[in-house]
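Asks: 3D model of this:
(one chain, ligands or ions: 1)
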Amino acid sequence: MNPMTIKTETAAITPEARLEKLRKAVDEGAHRTLSWRLAQLDGVLRFVSDHEDAMLAALKADLGRCATEARVADTLMVRSEVRLIRRNLRRWLQPRRVHTPIAAQPGKSWVQQEPFGLALILGTWNYPFQQILIPLAGALAAGNAAVVKLSEVAPHSASLMARYLEHYVDPTSVIVFTGGPETASRLLGCRFDKIFYTGSSRVGRIVMKAAAENLTPVTLELGGKNPAIVASDAPLEVTARRIVWGRFMNAGQICVAPDYVLVPEHMRLALIDSLRRAILRFYGPDPHRSESYGRIVNEQHFSRLLALMRDGRVAIGGNTDATDRYIAPTVLTDLPAGAAVLQEEIFGPILPVVGYQTIEEALAFIRARPKPLALYLFTKNRSLQRRSIRDISSGSVVINDVIVNQIVPGLPFGGVGNSGMGAFHGRYTFDAFSHSKAVVHRELWGDLDVRYPPFSNRKDRLLQWLLS
Ligand code: NAD
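Replies: Numbering: from 1, shown residues only. Okay, here's the model as predicted:
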């Protein structure tokens, strides 16, 4: 079967033909009222309520994810984000008045949010529901039509959404595609008014190149290496507990997981002991049997991670089982400077621990690498906190914890440089799919002659006064 044909009743229609209908409606100026937008958001919420058990089962099948983590990160997160948009949408759609200078008086000026038109949302597999449903809610709330391409790497989650999602939203405004890179490429060959991509920095470049053809604005939610700096005053038990929680949740397949740890060399072994205690406490003596521990998404990623594990000395874990793609929570240390595990994003349950002599050396180590999606710093030292926030560019910073920036509704979530561009979550999701249109409404009376030629010294002086 053509990978781009999903629903049996539409199987005979090419994707381009399906897209054409949405494009036509958008170009003809289909007006999306507040009640239409709210109905779409309600549809997304109903999809989650009606299929919650199936979503949890799909996440278990795709990623071995336990129900609690699946609920927190997928169903609850989607609900709270969509509800936040729903609560605020009327206000966000209100024109925002701005000051009109004398030179443009009599008149009034405002900023008005306008939908881009037709949005393409390309998702990845590690949080397959959250990464599709939140941007989709933002796109529809902002008044766009949307084409969604699910990740082929989480097939159970993709098949659930492909089968049902269109029934919960306006089917004349939303199309859901499955399929792999070939499908994504084909879609990227079509004209969109906004592209929202979540995935690797490598594919992010492909997406941006394709978007450039039509000067389509992009939001790129990418990955990278998130450093966790442990300073010499950090209390090791709580630090280790939080790092272990963030690194080994979803078997490390989280874009904001702490990717590696920098710790003063004289504390390195003590930190590793604390990490061991935290792993034991969370996952027991045999994490393979823990109900709370996930699996690697597929064989390709499993082999990639096995290769990365050979880079250093295994201090904790290291056990694997190919039959169910299990990799134990693993801590590596004694790593050679050029180790691949310190260059590539790990995206799995491996945590390299690297010792440093001075904090300057640690900060320079991070600055020498592409800008991270998140920076984590464990210290009570206020001046070091301020310095790290100021001197290291990253999508976000969390002091004394990891990942929790994701659940603060007022904060944008997104990267910078190699870790992405643009942001979402809360108001930012709506903004990502909206154009801020500037509007000036002048009266037809009160025309100032000073702006019109022929000019004179008097007009020149007056204009300078009016515009200064
Ligand atoms: P993936 O393989 O699912 O790819 C993502 C999307 O890109 C899919 O829809 C896929 O079909 C498409 N794609 C793949 N190859 C393509 C190609 N050659 N041309 C066009 N489209 C293509 O996921 P992935 O890229 O392995 O995702 C993991 C990455 O995503 C990690 O780097 C992770 O850090 C990042 N990530 C970022 C965020 C964030 O919010 N910043 C969230 C989750 C994951």
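
Asks: Spell out which parts of the stretch 251-400 of the chain neighbour the ligand.
Replies: Cys255, Glu345, Phe347, Leu373 (CB under 6 Å from any ligand atom). Using the backbone N, CA and C atoms, a C-beta is placed for each residue, glycine as well.

Asks: Using a markdown table, please lay out the residues you listed together with pLDDT, neighbour count and secondary structure.
Replies: Output for those, formatted as a markdown table (pLDDT from 0 to 100; neighbours: other CB atoms under 10 Å; DSSP: H, G, I helix; E, B strand; the rest coil):
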| residue | pLDDT | neighbour count | secondary structure |
| --- | --- | --- | --- |
| Cys255 | 96 | 28 | coil |
| Glu345 | 96 | 21 | coil |
| Phe347 | 97 | 24 | coil |
| Leu373 | 97 | 27 | coil |
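
Asks: Number of residues surrounding Glu20?
Replies: Glu20: 13 surrounding residues under other CB atoms under 10 Å.

Asks: From Gly117, how far out is it?
Replies: 14 Å (CB to CB, to the nearest Å).

Asks: Now do the shared contacts for the two.
Replies: Taking CB atoms under 8 Å, 6 or more residues apart in numbering as the contact criterion, Glu20 and Gly117 have no common neighbours.

Asks: tell me what the host helix or strand of Tyr376 is packed against?
Replies: Per DSSP states H and E: Tyr376 is located in strand 374-378. Counting contacts by 3 or more CB pairs under 8 Å, 6 or more residues apart in numbering; DSSP states H and E, strand 374-378 packs against strand 227-230, helix 236-248, helix 382-391, strand 396-399.

Asks: try it again with 6 Å
Replies: Applying 3 or more CB pairs under 6 Å, 6 or more residues apart in numbering; DSSP states H and E, one finds that strand 374-378 contacts strand 227-230, strand 396-399.

Asks: Return the list of strands paired to it, each annotated with direction.
Replies: strand 227-230 (parallel), strand 396-399 (parallel) (DSSP bridges).

Asks: Now mean pLDDT, distance to Asn405 and mean neighbour count too, for those, in TSV please.
Replies: Output for those, formatted as TSV (pLDDT from 0 to 100; distance: least, CB to CB, whole Å; neighbours: other CB atoms under 10 Å):
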stretch	mean pLDDT	distance to Asn405	mean neighbour count
strand 227-230	98	14	25
strand 396-399	98	5	20
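
Asks: Residue of the protein closest to the ligand, please.
Replies: The ligand sits closest to Gly223 of the chain, with a gap of 2.0 Å, by CB to the nearest ligand atom.

Asks: That residue contacts Cys255, correct?
Replies: Yes. Gly223 lies in contact with Cys255 (CB atoms under 6 Å); the separation is 4.7 Å.

Asks: Can you pull out the residues in contact with stretch 97-117?
Replies: By CB atoms under 6 Å, 6 or more residues apart in numbering, the residues outside stretch 97-117 that reach it are 26, 95-96, 142-144, 193-194, 434-437, 439-443, 446, 466-467.

Asks: Where strands are concerned, which of the residues you listed count?
Replies: Arg96, Lys194, Ser434, His435, Ser436, Lys437, Val439, Val440, His441, Arg442 (DSSP state E).

Asks: Need the buried ones from the residues you listed selected in PyMOL.
Replies: If you want just the buried ones from those in PyMOL, going by 16 or more other CB atoms under 10 Å, the selection is:
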select buried, resi 194+434+435
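
Asks: ok, which pair from the ones in strands among the contacts of stretch 97-117 is furthest apart?
Replies: Lys194 and Arg442 (30.5 Å; CB to CB).

Asks: Low-confidence bits of this structure, can you list those?
Replies: Under the criterion pLDDT under 70, the flagged ranges of the chain are 1-12.

Asks: do that again at 80, thanks
Replies: For the chain, residues meeting the criterion pLDDT under 80 lie at 1-15.
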